[in-house]
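Student: Just the structure for this:
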Amino acid sequence: MQKGFTLLEVIVVLLISSLISAILFSGLSLVLDTRYRVINALTRIETIGLQSSIMTSPLRSMIPDHTDEPGVFAGDSRRLKGLTLSPLYGASGAPTAFAMELDYSLTDNETALTYYEMGYDSVVLTSWAGNVGAFSYRGRTGDWSASWPPRNADKPLQVPRTVRIDTGMEQRPVHITRVMGPHNRPIRTQDLPFGTSQ
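Tutor: Numbering: from 1, shown residues only. You can find the predicted model right below:
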């Protein structure tokens, strides 16, 4: 008597093997598709985080300047200027004059957030469609102000405690930055009434 497989048994084994292969390949395809989507989402999140960090880093490290110096902080709804310890180009930790401006191009119908630093070319940090965007400022208390120093404050801080950038960006339309450094400059001897006398 010969031992072996019948044709029916071989066909059943081949059918089962092909079903298992189809299930494995569809599962592998699902895993690869999920991996691709997760990597894309992480890349997008990293890009948004990096862009936000670049936009807010100079603002977070702002410091006041002496009132007779050009680095005194001033801002309105479309432009701000001051001193920062975290410039995008220069040496970190060195007080550096900088400015940020919301520039609207009518021909492109686009608003760009442009960064300026003394001694370097300006750079567009990000842009979005439409004439949308504004800076606003907040001191110790009170509401957001469209300009700094606020017009109705008695003795405002030289540097606001918080700066807000409203943008037209879909992923993150509002960036709120807490200024971490001092908000008023210490008084120098020469600023006092008797400071210039010998």
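Student: So which residue is smack in the middle of this protein?
Tutor: Nearest to the mean C-alpha position of the chain, by C-alpha atoms, centre = their mean, lies residue 52 at 1.3 Å.
Student: Show me what the strand or helix carrying that residue packs onto, helices and strands only.
Tutor: Using DSSP states H and E, residue 52 sits within helix 7-60. For helix 7-60, the elements it packs on are strand 96-105, strand 123-129, strand 162-166, strand 174-178, judged by 3 or more C-beta pairs under 8 Å, 6 or more residues apart in numbering; DSSP states H and E. Any C-beta I mention is one placed from the backbone N, CA and C, and that applies to glycine too.
Student: Deepest-packed of those strands, please.
Tutor: Ranked by mean neighbour count, those are led by strand 162-166 with a mean of 20 (mean count of other C-beta atoms under 10 Å).
Student: got the CA positions of that strand in PDB?
Tutor: What follows is strand 162-166, C-alpha atoms only, in PDB (Å, rounded to 0.1, in the frame of the first residue of the first chain):
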ATOM      1  CA  THR A 162       2.700  88.500  27.900                       C
ATOM      2  CA  VAL A 163       2.700  88.900  24.100                       C
ATOM      3  CA  ARG A 164       0.000  87.400  21.900                       C
ATOM      4  CA  ILE A 165       0.300  86.800  18.200                       C
ATOM      5  CA  ASP A 166      -3.000  86.200  16.300                       C
END
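Student: In TSV: the helices and strands packed on helix 7-60, plus mean pLDDT.
Tutor: Formatted as TSV, these follow (pLDDT from 0 to 100):
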stretch	mean pLDDT
strand 96-105	94
strand 123-129	91
strand 162-166	93
strand 174-178	89
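Student: For residue 8, find the nearest of the ones you listed.
Tutor: Of all those, it is strand 123-129 that lies closest to residue 8, at 67.1 Å by C-beta to C-beta.
Student: What angle do helix 7-60 and whatever helix or strand comes next after that closest one make with each other?
Tutor: Counting by DSSP H and E, the element after strand 123-129 in chain order, helix or strand, is strand 134-138. Counting by axes from the mean of the first three to the mean of the last three C-alpha atoms, to 10 degrees, strand 134-138 lies at 60 degrees to helix 7-60.
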